[in-house]
Structure formats: C-alpha cells, structure tokens
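Student: fold the following, please.
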Amino acid sequence: MALSNNLTAVLNFIAFLCSVPIVASGIWLASQPDNECIHFVRWPVVLLGLLVLVVSLTGFVGAYWYKETLLAFYLCCMAILIALLLTLLVFAFVVTRPDGGYAVPGRGYREYRIEGFSSWLQGHIVDSKNWGAIRACLAESDVCSRLTRSYLTADQFFAGHISPLQVISSIFFFELPIFELSSEKSRELLR
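Tutor: Just a heads-up that it's a prediction; the model follows:
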C-alpha cells in the first residue's frame with residue numbers, strides 16, 4: 001500500500017507542477033489586449049489549470065499523508081475531470097471530422113466548401129454575430145502578409161501547398177476565386 005500511495009503522490013506532484021504553466025498561460029492570455037482569436041480560450045484555460053491544480057494537490061496530500069477521504073474525493077474529481085475532457089474531445093472530433101475539402105486538378109491545395117463541414121460548424125460560422133469575430137481574428141493574424149511574401153504571382157499561389165486557414169484567408173483578403181463566390185458575395189461576407 002505504501003508504494004502505491006508514494007507513486008500516487010509523485011504523479012500528483014508532477015501533475016501539480018504541470019498545472020502551474022497552464023494557469024500562468026491562461027492568466028497571460030487574460031492579460032492580453034482584447035483579441036478575438038483568443039477570446040473563448042482565456043478563462044477556460046485558467047479554469048482547467050486551476051481544476052487540475054486543485055485535484056492534483058488533493059491527490060498529493062491524500063496519498064502522501066494517507067488520508068483516505070481526500071483520496072476518495074480525488075478519485076471522484078479525477079473521474080469527472082477525465083469524463084469532461086473526453087466529452088470535449090469527442091465533441092471537437094465530431095464537429096471537425098468532415099473537412100469539406102476536395103482535390104482540384106492543377107492546384108497544389110484542396111478546395112473547401114462550407115457544405116462539406118458539420119452542420120454545427122456551418123451554423124456557427126454562418127451566424128452573423130460569430131462571423132464578425134472570425135473576420136476580426138483573420139484580419140489580426142499575419143496570414144495575409146506571409147502569403148504576399150511567399151507567393152509573388154497567382155501561378156505560384158495556385159501551385160503552392162498551403163493550409164486551409166491560408167486558403168480561407170486568401171479568399172477573403174485577396175478575393176481570389178477559389179470558392180464559387182462572386183466578388184459581391186465575398187464583400188458581403190466581410191461586412
């Protein structure tokens with residue numbers, strides 16, 4: 001029994017030490033000027049770090065000083081925390097699994113259409129209140145400036161292998177005809 005408690009104490013101490021940078025990064029994100037790209041992850045990162053910190057500290061104290069009630073509380077909290085994280089992981093996988101991309105002859109990248117993504121993600125992006133935040137995030141990123149430095153001509157761009165984020169950014173900021181959107185439609189989306 002002593003070996004398992006010592007092992008539990010050591011593992012929880014390591015988890016405690018790992019939670020400190022999570023809390024610190026969440027606090028750092030919260031202290032940054034208002035940025036639409038990190039708006040939704042600020043406080044969840046701090047909360048997740050604090051939960052891991054408290055649960056690991058409870059497990060460490062319970063295992064190191066042989067407190068069975070603390071160990072029972074630790075096990076219940078850890079099971080709930082693992083279940084919540086697995087639920088979040090499954091949700092993220094289900095929402096992002098269909099990628100909507102298809103190969104185009106003569107192009108070094110895949111084209112993406114919103115119809116190819118999950119209905120939840122489609123509704124989230126198409127919603128006018130969310131689109132403003134997404135557009136602001138894309139505008140703040142340096143994707144456009146990197147694309148203009150990397151690809152000097154349209155032929156270089158069309159032959160290049162770029163990520164979906166770079167493709168989407170290039171559509172809305174350079175108005176390249178990658179999607180079947182007219183210039184009026186892309187301007188309307190940017191409003």
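
Student: how far away is Gly100 from Gln122?
Tutor: Computed with CB to CB, to the nearest Å, the distance linking Gly100 and Gln122 is 9 Å. (C-beta placed from N, C-alpha, C; glycine too.)

Student: what do the two both touch?
Tutor: The overlap between the contact sets of Gly100 and Gln122 (CB atoms under 8 Å, 6 or more residues apart in numbering) consists of 114-115.

Student: any idea which element the closest residue in space to Asn130 that isn't next to it in sequence lies in?
Tutor: What sits nearest to Asn130 in space, not counting adjacent residues and going by CB to CB, 6 or more residues apart in numbering, is His124, at 5.6 Å. Element membership of His124, judged by DSSP states H and E, is helix 119-126.

Student: name the next helix or strand downstream of that helix, please.
Tutor: By DSSP H and E, the next helix or strand past helix 119-126 is helix 128-140.

Student: could you point out the helix or strand that follows that following helix?
Tutor: Downstream of helix 128-140, the next assigned helix or strand under DSSP H and E is helix 143-150.

Student: next, the angle helix 128-140 makes with that following helix.
Tutor: Helix 143-150 and helix 128-140 are oriented at 40 degrees to each other (axes from the mean of the first three to the mean of the last three CA atoms, to 10 degrees).

Student: average model confidence for the very next helix or strand once past helix 143-150?
Tutor: For helix 143-150, the following helix or strand on the C-terminal side (DSSP H and E) is helix 154-159. For helix 154-159, mean pLDDT is 76.

Student: please name every helix or strand in contact with helix 154-159.
Tutor: Contact here means 3 or more CB pairs under 8 Å, 6 or more residues apart in numbering; DSSP states H and E; on that basis helix 154-159 packs against no helix or strand.
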